[in-house]
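Chemist: Fold the following for me, if possible:
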Amino acid sequence: MRDTPLTIMSMMGEEVIPITVTTNLHHGKGSMHSHTFFEFVYIDHGFALHTCNKVTSIVSEGDWFLIRPNEPHNYISAYNTLLYNCLFEAEALQDSMDMFLSLPGMEEVLLSQSPFEKLNLDYTQRLKLKTCLNKMMAERQERKLGWELKLKSLLEDFLVFYARVYHESSNILPENNANFSKIYNVLKYVEEHCTANMTVKDMAQVAQLSPDYMAKLFKASMGLTPAEYARNFRIAKSMELLENTDRPVAQIAAELGFSDSSVFSRLFKQVAGISPTAFKRISDEERAKEN
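Modeler: Purely as a prediction, here's the structure:
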């Protein structure tokens with residue numbers, strides 16, 4: 001992990017308003033790092049295993065999430081994953097930050113140490129978010145008259161949109177969004193039964209849909225097939241255990257429902273790019289350095 005947290009000025013090499021939007025294509029394993037600024041990440045396409053504060057999660061197409069200042073994180077295994085990164089220092093908003101924090105739930109999201117969470121946007125929300133992000137990039141790149149004021153205004157629009165989506169997602173799922181409700185139930189089922197050998201048929205029964213139609217809806221919503229998501233979720237859980245416990249690889253494989261540790265090792269390497277033994281060794285070395 002980097003010893004010195006990143007700052008926007010160190011990344012951009014100039015003293016201007018501390019707000020920027022970038023796009024990055026990730027493939028493979030990144031390095032653990034932290035930074036002094038807020039980082040909102042939107043996954044445009046692809047998927048990755050992401051670790052934040054020692055919790056490993058799958059992030060995929062349509063996901064939108066926040067990395068707070070000084071939270072160590074990295075992408076363990078990315079597969080042609082295109083990200084939008086919206087970075088800003090709190091000082092860039094001045095009085096607007098207080099108004100934003102007064103919105104329901106936003107103080108907890110931005111300033112607390114609550115667990116990592118993500119939003120998954122529908123098609124219309126994705127288009128709206130990308131339009132805002134692309135406008136922010138254009139203002140910074142073109143630097144026309146008043147660009148800093150416009151960039152700050154667009155960031156405020158961005159944050160209000162996040163607050164609205166977050167608020168909507170915190171409420172009971174709307175009745176007219178039945179398909180999303182069914183996929184949400186499948187995600188919860190995978191999370192709660194990740195130690196079992198789930199089949200697409202099992203997931204379809206949870207969604208009360210035919211296997212083919214459920215798989216089509218799932219892929220459209222998540223960017224992964226149900227089987228890929230279930231596999232990657234189990235591997236993500238194994239990474240958490242390998243990184244944060246002293247349990248041997250074979251024991252962790254068994255706890256996650258793999259009767260054959262060699263099958264587990266093969267799947268792990270397909271997803272993470274390295275063997276579970278090598279991953280554990282690297283994690284132990286990094287943990288020793290931190291201590």
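Chemist: Quick check: bridge partners of residue 43?
Modeler: Taking DSSP bridges as the rule, residue 43 bridges to residue 83.
Chemist: Could you double-check that it sits in contact with residue 60?
Modeler: Yes. Counting by CB atoms under 8 Å, residue 60 is a contact partner of residue 43 at 6.0 Å. Quick note: C-beta positions are derived from backbone N, CA and C, even for glycine.
Chemist: Now list whatever residues contact both of the two.
Modeler: With contacts defined as CB atoms under 8 Å, 6 or more residues apart in numbering, the residues shared by residue 43 and residue 60 are residue 223.
Chemist: Neighbour count: these two, which is higher?
Modeler: residue 43 (26 against 22; other CB atoms under 10 Å).
Chemist: what's the spacing between that one and residue 285?
Modeler: Distance of residue 43 to residue 285, computed by CB to CB, to the nearest Å: 29 Å.
Chemist: How about residue 181?
Modeler: Using CB to CB, residue 181 is found at 44 Å from residue 285.
Chemist: neighbour-wise, which of those two wins?
Modeler: Neighbour comparison, residue 181 and residue 285: the larger count goes to residue 181, with 14 against 9 (by other CB under 10 Å).
Chemist: As a quick check, tell me the outermost residue of the chain.
Modeler: Most distant from the centre of the chain: residue 145, at 35.0 Å, with distances by CA atoms, centre = their mean.
Chemist: Wasn't that one part of a strand?
Modeler: No. Counting by DSSP: H, G, I helix; E, B strand; the rest coil, residue 145 falls outside a strand, being coil.
Chemist: For residue 78, which three-state class applies?
Modeler: Classified using three-state DSSP, residue 78 is strand.
Chemist: Just list what the strand or helix carrying residue 201 packs against, helices and strands only.
Modeler: Here residue 201 is covered by helix 200-207, with elements defined by DSSP states H and E. On a contact count with 3 or more CB pairs under 8 Å, 6 or more residues apart in numbering; DSSP states H and E, helix 200-207 meets helix 178-192, helix 211-222, helix 226-244.
Chemist: weakest of the ones you listed in terms of mean pLDDT?
Modeler: Among the helices and strands packed on helix 200-207, helix 178-192 has the lowest mean pLDDT, at a mean of 81.
Chemist: hmm, back to that, quick one: the residue farthest from the centre of the chain from residue 183, how far?
Modeler: From residue 145 across to residue 183, the span is 46 Å (CB to CB).
Chemist: which one of the helices and strands packed on helix 200-207 lies closest to residue 250?
Modeler: helix 226-244 (11.5 Å; CB to CB).
Chemist: ok, and for the closest one, which residues are buried?
Modeler: The neighbour-count check on helix 226-244 (16 or more other CB atoms under 10 Å) flags 226, 228-239, 241-243 as buried.
Chemist: Stretch 106-122 too?
Modeler: Here stretch 106-122 shows 106, 109-110, 116, 118-121 as buried, counting by 16+ other CB under 10 Å.
Chemist: Please spell out which residues along stretch 208-225 are buried.
Modeler: For stretch 208-225, by 16+ other CB under 10 Å, it's 209, 211, 214-215, 217-218, 221-224.
Chemist: What is the neighbour count of residue 124?
Modeler: Using other CB under 10 Å, residue 124 is surrounded by 8 other residues.
Chemist: cool, and residue 168?
Modeler: Residues near residue 168, counting by other CB under 10 Å, number 13.
Chemist: Using CSV, write out every CA atom in stretch 222-230.
Modeler: Provided in CSV are the C-alpha atoms of stretch 222-230 (Å, rounded to 0.1, in the frame of the first residue of the first chain):
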residue,chain,number,x,y,z
MET,A,222,-25.8,-6.7,-13.6
GLY,A,223,-23.6,-7.2,-16.7
LEU,A,224,-22.9,-10.8,-15.6
THR,A,225,-24.8,-14.0,-16.0
PRO,A,226,-26.3,-15.5,-12.7
ALA,A,227,-23.7,-18.2,-12.7
GLU,A,228,-20.8,-15.7,-13.1
TYR,A,229,-22.2,-13.5,-10.4
ALA,A,230,-22.6,-16.5,-7.9
